[in-house]
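A.B. asks: quick one, structure for this:
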Amino acid sequence: MDKVERSLYRLQIRPFFRYIIFAMAGVYLLQIFFPTFNLIGLLSLYIPAVYRGQVWRLLTFLLVPPINSPLFVLLSMYFYYFIGTVLENRWGAPRVMLYYVIGALGAILAALLTQYGTNMYLYLSMFFAYAILNPENQVLLFFVIPVKMKWLALINAAFYVYALIIGSWSERVAVLFSLLNIILFFGGDIINLVRYSVAQWKRRQSFKYRSR
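C.D. replies: As a prediction, the model looks like this:
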């Protein structure tokens, strides 16, 4: 992973994530003003259509915005923009691109199994990356309520568990493959954190036993 990242630095990759969000916003606006064109349907990752020659879907599905109320879409894209640009400032654009590309490949692999792909879990995996790096940072939920990132990450994890238990087969596969880049980038850190937490718990239990 480090070797690949160093090779990307030699390519002098510039911050790119904001352009993805701007393109996503453009797709959403075009869908609103020209609904009969069904732009989102043409850009979504539908594997049978890819086999028929519509290979652009393997990339354009990354620009498909959330399909929901305008307020939800606005909040989602603002959050994506915030997360992506902060990660670029923290990691640098090449490392973010590597993380993003691995997540996109995971989404494509999931789609090959289920015939339909989504980018939602890719962007949620970027949120996980931000939360792991900045667990104590606060954001204003709905621009009003201050919440630490670690608590939002727990809510996000609960959503993943819910999707694995209640979701359809395609959702379960998408969730599992979206964990690929998280494991590659943070697997060691997560294992060490779990070990440290277990060791801390054991020490507290031992202290309580000796103090009786």
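A.B. asks: drop to CA atoms for contacts and neighbour counts, all remaining ones
C.D. replies: Noted.
A.B. asks: where in this protein is pLDDT low?
C.D. replies: By pLDDT under 70, the low-scoring segments of the chain are 1-2, 4-9, 140-144, 189-190, 193-194, 197, 205-212.
A.B. asks: can you give me the strands in it?
C.D. replies: For the chain, applying DSSP state E gives strands covering 45-46, 116-117, 138-141, 145-148.
A.B. asks: show me what the last one is packed against.
C.D. replies: Okay, so that is strand 145-148. Other elements packing on strand 145-148 under the criterion 3 or more CA pairs under 8 Å, 6 or more residues apart in numbering; DSSP states H and E are strand 138-141.
A.B. asks: helices of the chain, residue ranges please.
C.D. replies: When secondary structure is read from DSSP state H, the chain shows helices at 2-10, 17-33, 39-43, 47-51, 57-60, 70-91, 93-114, 120-133, 149-166, 169-178, 180-210.
A.B. asks: compare these and give me the one nearest residue 139.
C.D. replies: Distances from residue 139 to each of these were compared using CA to CA; the shortest belongs to helix 149-166, at 7.1 Å.
A.B. asks: can I get the closest one as PDB, trimmed to CA atoms?
C.D. replies: As requested, the backbone C-alpha atoms of helix 149-166 are provided in PDB (Å, rounded to 0.1, in the frame of the first residue of the first chain):
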ATOM      1  CA  MET A 149     -17.400  12.000  15.300                       C
ATOM      2  CA  LYS A 150     -17.000   8.800  17.400                       C
ATOM      3  CA  TRP A 151     -20.700   8.800  18.300                       C
ATOM      4  CA  LEU A 152     -21.700   9.400  14.700                       C
ATOM      5  CA  ALA A 153     -19.300   6.500  13.700                       C
ATOM      6  CA  LEU A 154     -21.200   4.200  16.200                       C
ATOM      7  CA  ILE A 155     -24.500   5.200  14.600                       C
ATOM      8  CA  ASN A 156     -23.000   4.500  11.200                       C
ATOM      9  CA  ALA A 157     -21.700   1.100  12.400                       C
ATOM     10  CA  ALA A 158     -25.200   0.300  13.700                       C
ATOM     11  CA  PHE A 159     -26.600   1.200  10.300                       C
ATOM     12  CA  TYR A 160     -24.100  -1.300   8.700                       C
ATOM     13  CA  VAL A 161     -25.200  -4.000  11.200                       C
ATOM     14  CA  TYR A 162     -28.800  -3.300  10.400                       C
ATOM     15  CA  ALA A 163     -28.200  -3.600   6.700                       C
ATOM     16  CA  LEU A 164     -26.400  -6.900   7.200                       C
ATOM     17  CA  ILE A 165     -29.200  -8.300   9.200                       C
ATOM     18  CA  ILE A 166     -32.300  -6.800   7.600                       C
END
